[in-house]
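*Asks:* Structure, please.
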Amino acid sequence: MTENPTPAKKSLARFAPILLVVAGLVLAFTFRVHEYLSLESLYRQTAALDAFVARNYVAGIAMFMLIYGAAVASSIPGASFLTLSGGFLFGTWIGGAAAWIAATIGATLIFLAARTAFGDALRARAGGWLTRLGNGFRENAFNYLLALRLTPIAPFFVVNLAPAFFNVKLRDYVLATLIGMIPGAFVYASVGAGLRAALQTGAVVDPSEAARAILFSPAVFGPVLALIALALVPVALKALRRGGA
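*Replies:* Take a look at the predicted model:
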């Protein structure tokens with residue numbers, strides 16, 4: 001016969017996401033992540049990073065994911081650049097996959113933290129965005145979150161936090177996040193891989209222009225637009241039914 005968890009154990013489990021977020025914040029500042037979120041820094045450290053990855057490939061991917069997840073969980077701006085860095089260091093597919101998984105884990109941690117007593121401070125940080133996004137989450141949380149993940153309508157950290165304040169189920173949050181982050185993760189990773197190739201040939205490439213060129217190419221933009229439309233169909237139908245009632 002299994003024993004029920006004691007109140008002390010339940011309380012500790014409830015605050016585990018907060019502890020992990022705080023640990024992520026400490027980790028991010030220990031590694032001075034904010035100091036490396038620039039293309040110039042990436043170029044400057046290329047030789048050292050390449051040497052480390054060559055000697056410790058698996059450990060390098062694991063460390064990249066740890067830093068990425070910590071940055072997302074602590075809401076440090078720069079997720080797009082970190083994804084780009086993953087493509088720069090590990091290539092489009094490995095770098096994109098590592099960023100995709102790490103971003104989902106980090107976003108889930110901050111989502112869980114926002115559902116605890118820590119949520120009041122995080123709610124204040126989200127500001128007026130909560131009012132603007134509220135109706136969408138009340139109508140169809142999964143599809144609305146999927147659409148937000150696929151389009152840069154709201155800041156990344158707000159999209160991570162907002163669902164926690166509208167009783168979105170953890171299962172729906174994780175699934176919508178996993179699906180919705182796929183295009184962005186691999187688009188930015190491919191930009192990073194392209195920057196690596198440009199660096200090797202001596203060409204100068206503006207990362208923002210390269211990202212826009214890839215994102216708005218028919219091969220990428222068409223499927224992403226179709227996914228957004230599909231995600232918003234249930235929301236639109238419900239709004240129409242309500243308006244006709």
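*Asks:* which intervals of the protein have sub-threshold pLDDT?
*Replies:* By pLDDT under 70, the weakly predicted segments of the chain are 1-38, 117-127, 202-245.
*Asks:* 90 instead, please
*Replies:* 1-50, 63, 66-67, 69-85, 92, 109-144, 146-168, 179-245 (pLDDT under 90).
*Asks:* Tell me the backbone dihedrals of Arg115, please.
*Replies:* phi -90, psi 0 (degrees, to the nearest 10).
*Asks:* That one and Pro163 touch, don't they?
*Replies:* No - between Arg115 and Pro163 there is no contact under CB atoms under 8 Å: 9.6 Å. The way it works is simple: take the backbone N, C-alpha and C, and place the C-beta from them, glycine included.
*Asks:* The two - which one has more neighbours?
*Replies:* Pro163 (26 against 17; other CB atoms under 10 Å).
*Asks:* need the contact list for the nearest residue to that one once chain neighbours are set aside.
*Replies:* Spatially, and ignoring its direct neighbours in sequence, Pro163 is nearest to Tyr173 (5.3 Å; CB to CB, 6 or more residues apart in numbering). When contacts are counted by CB atoms under 8 Å, 6 or more residues apart in numbering, Tyr173 touches Thr108, Phe111, Leu145, Pro163.
*Asks:* which residues does the first one contact?
*Replies:* What it means is Thr108. Leu170, Tyr173, Val174, Thr177 are the contacts of Thr108 under CB under 8 Å, 6+ apart.
*Asks:* My read is that the third one contacts Thr104, right?
*Replies:* Yes - the pair Val174 / Thr104 is scored as a contact, 6.9 Å apart, by CB under 8 Å.
*Asks:* Helix or strand for the residue nearest to Pro163, just tell me which one.
*Replies:* helix 170-180 (DSSP states H and E).
*Asks:* Could you point out the helix or strand that follows that helix?
*Replies:* helix 182-201.
*Asks:* And Phe157, its phi and psi?
*Replies:* Phi and psi for Phe157, reported as degrees, to the nearest 10, are phi -70, psi -30.
*Asks:* nearest residue to it other than its sequence neighbours?
*Replies:* Nearest non-adjacent residue to Phe157 (CB to CB, 6+ apart): Ser75, at 4.2 Å.
*Asks:* cool, and Ser80?
*Replies:* Take Ser80 and drop its neighbours on the chain: the residue closest to it by CB to CB, 6+ apart is Tyr188, 5.6 Å away.
*Asks:* if I look at the one you found, how far off is Met181?
*Replies:* Distance, Tyr188 to Met181, by CB to CB, to the nearest Å: 10 Å.
*Asks:* Looking at those two, which one has more neighbours?
*Replies:* Tyr188 (28 against 22).
*Asks:* what residues are up against the more buried one?
*Replies:* Tyr188 touches Ser80, Thr83, Leu84, Gly87, Gly96, Ala99, Ala211, counting by CB under 8 Å, 6+ apart.
*Asks:* So which of those is the closest to Gly69?
*Replies:* Nearest to Gly69 among those is Ala99, at 9.8 Å by CB to CB.
*Asks:* just to revisit the earlier point, where does the residue nearest to Phe157 land in three-state SS?
*Replies:* coil (DSSP: H, G, I helix; E, B strand; the rest coil).
*Asks:* Isn't it up against Ile110?
*Replies:* Yes - under the criterion of CB under 8 Å, Ser75 makes contact with Ile110 at 6.5 Å.
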